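Visitor: using only what follows, build the 3D model:
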Amino acid sequence: MKLQCDVEVVNRMLPTCGMKNRGKGARAVLSIGKHIDKTSPRTSIYLMICTAKDRAGSKYKLKDNIEKFFSWFVDEGKATVRLKEPAVDICLSKADANSLKNFLSAARLADRGSDTSSLPLSTLTPVRARDVEKPKKKLTIVSKKDYPLTSNFPYSLEHLQVSYCKLSRVDMRMLSLKALRKLDLSNNHIKKLPATIGDLSCLAELILHNNHLDSFSEALCLSTLQKTLQHLDLSQNRLQGLPTQFCQLRELVRLKLDDNKLVWLPFHIGRLSKLRFLSAAHNQLALLPSDFRRLSLENLDLFGNPFTQPNPLDHTIRLTFPIPLLEMASRAVVNLRIPYGPHLIPAHLCQDLEVAKTCDCGQVCVNFFIKTAVSMNLHQVSHTVVLVDNMGGTDAPVLHHFCSLSCYSEFLDNCLQKGMR
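Guide: All right, here's what the predicted structure looks like:
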């Protein structure tokens, strides 16, 4: 039984001599195995600790020698084994939680003097230098010949870049790296993202620049990435749209969507209240969603999109008189913030309510409305704006929805008054 982790051996007698412990752990390999005791002809079970400074290892007898286990934080990879002789505490940290649990279980059996045949024992031999190196935090692979085929990625990685390796899919070994904070898979051939990327509970940056993605799944939008993802780069892919649920990624600060085939931005993009940097240049955007007006950005780049020249008089009417009862009920649910869900109403009604539009009067409309586009200066939502076109413009058309003819008429009257001024 072997365990790799950080170890600090604390002598409990030092404080009585007016001395302090070093207070710093070192990377080590712990082994539980047989050793011939010089004081007795019998073979005993020992715990051996090998570090970079002491690769030959220090040995501690286990049978009837463990005073106590401190394992309150074992799920965090931390534990302490208190020995009777010598009077030391062996403090373990930064260990794999499952491996640590198995190791403590073996140590407990050895302390009780269990039959050695039932113990997963190791040979107590000096370790190699690479076995006691500090955990690797960062790994960069930018060539296919350097890509590991037979060995796993170091479990301690926080930053992994794998580029120019012609990957057609995300390697499932990457998805077991629970400490990963940044995953850069740019410049590959990835066509689809597995939903299990959402299980990377620490992931703050996901770089997928220059791949073959044609979709971004709803499952990812509803995963733990909602609480962790701050930087997402989907530029130079084949995306035509993003799901409505995309705006559940509310921790996003930077979003890059350049050089795709996007014909629309997420309907509720205004819900990304922490978004500060948005780039969606060179797409197929003709209009911006009405929720776009709620953004508060530092930098915005929408250059190279075929924005249409808006005319408030050009409109689409989807109204009937009287308003259907279903529409009136749907509006009431949203306006009054009545809880709903697929356990209460049909799923298709939930989907309709998720894309409810807000009228200029503050009320909502769902499936019955009047729609038009209005030009908006992008400086209203961003401090810095990259020019929209080669003509030096910073205006773009934004959709407006109206819940009734009276609201639309009032809007037109206001436009006319502004034009007369």
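Visitor: now the most centrally placed residue in the chain: which helix or strand?
Guide: By CA atoms, centre = their mean, the chain has its centre lying nearest to L203, at 3.3 Å. Following DSSP states H and E, there is no helix or strand that holds L203.
Visitor: thought it was touching D184?
Guide: No - shown here, L203 and D184 do not form a contact pair, counting by CB atoms under 8 Å, at 11.3 Å. For the C-beta atoms, the positions are set from N, CA and C on the backbone; glycine is no exception.
Visitor: tell me the contacts of the residue nearest to the centre of the chain?
Guide: When contacts are counted by CB atoms under 8 Å, 6 or more residues apart in numbering, L203 is found next to 180-183, 197, 225, 228-229.
Visitor: of those, which belong to helices?
Guide: Under the assignment DSSP state H, the contacts of L203 contribute 225, 228 to helices.
Visitor: now do the same end-to-end measure for stretch 205-224.
Guide: End-to-end distance for stretch 205-224, by CA to CA, to the nearest Å: 13 Å.
Visitor: check the offset of that stretch from the chain's centre.
Guide: A distance of 11 Å separates the C-alpha centroid of stretch 205-224 from that of its chain, computed with CA atoms, centre = their mean, to the nearest Å.
Visitor: equivalent analysis for stretch 223-236, please.
Guide: The chain centroid and the centroid of stretch 223-236 are separated by 6 Å under CA atoms, centre = their mean.
Visitor: buried ones in it?
Guide: For stretch 223-236, the neighbour count (16 or more other CB atoms under 10 Å) marks 223, 225-226, 228-236 as buried.
Visitor: in the stretch 101-250 of the chain, which spans are helices?
Guide: Counting by DSSP state H, counting those that start in this stretch, one finds helices in the stretch 101-250 of the chain at the ranges 218-221, 225-228.
Visitor: can you put these in TSV and add mean pLDDT?
Guide: Listed next are the helices of the stretch 101-250 of the chain as TSV, based on pLDDT from 0 to 100:
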stretch	mean pLDDT
helix 218-221	92
helix 225-228	94
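Visitor: out of the ones you listed, nearest to C365?
Guide: For the helices of the stretch 101-250 of the chain, proximity to C365 was assessed by CB to CB; helix 218-221 is nearest, at 24.3 Å.
Visitor: in JSON lines, list the helices of the stretch 101-250 of the chain along with distance to K61.
Guide: Converted to JSON lines, the helices of the stretch 101-250 of the chain look like this (distance: least, CB to CB, whole Å):
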{"stretch": "helix 218-221", "distance to K61": "52"}
{"stretch": "helix 225-228", "distance to K61": "45"}
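Visitor: how about those, which one is nearest A356?
Guide: Ranking these by proximity to A356 (CB to CB) places helix 218-221 first, at 18.4 Å.
Visitor: export that closest one as CSV, just CAs?
Guide: Taking only C-alpha atoms (Å, rounded to 0.1, in the frame of the first residue of the first chain), the coordinates of helix 218-221 have been written out as CSV:
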residue,chain,number,x,y,z
GLU,A,218,-27.9,22.7,-22.9
ALA,A,219,-26.4,20.2,-20.4
LEU,A,220,-23.2,22.3,-20.1
CYS,A,221,-25.3,25.4,-19.5
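Visitor: what does it rub up against?
Guide: By CB under 8 Å, 6+ apart, the surrounding residues in contact with helix 218-221 are 193, 195, 197-198, 243, 245-249.
Visitor: which single one of the residues you listed is nearest to T123?
Guide: Set against T123, the nearest of the contacts of helix 218-221 by CB to CB is I197 (39.7 Å).
Visitor: which ones are touching the closest one?
Guide: Here I197 is in contact with 170, 175, 183, 203, 206, 220, 223, 225 (criterion: CB under 8 Å, 6+ apart).
Visitor: distance of the fifth one relative to K274?
Guide: As defined by CB to CB, to the nearest Å, L206 lies at a distance of 16 Å from K274.
Visitor: which one of these two has more residues nearby?
Guide: Shown here are L206 and K274; by other CB atoms under 10 Å, L206 has more neighbours (22 against 12).
Visitor: is it true that L139 touches L160?
Guide: Yes - judged on CB under 8 Å, L139 makes contact with L160 at a distance of 5.4 Å.
Visitor: what do these two both touch?
Guide: Residues touching both L139 and L160 comprise F153, with contact defined as CB under 8 Å, 6+ apart.
Visitor: so which of the two has more stuff around it?
Guide: Remark: of L139 and L160, L160 carries more neighbours, 21 against 17, as counted by other CB under 10 Å.
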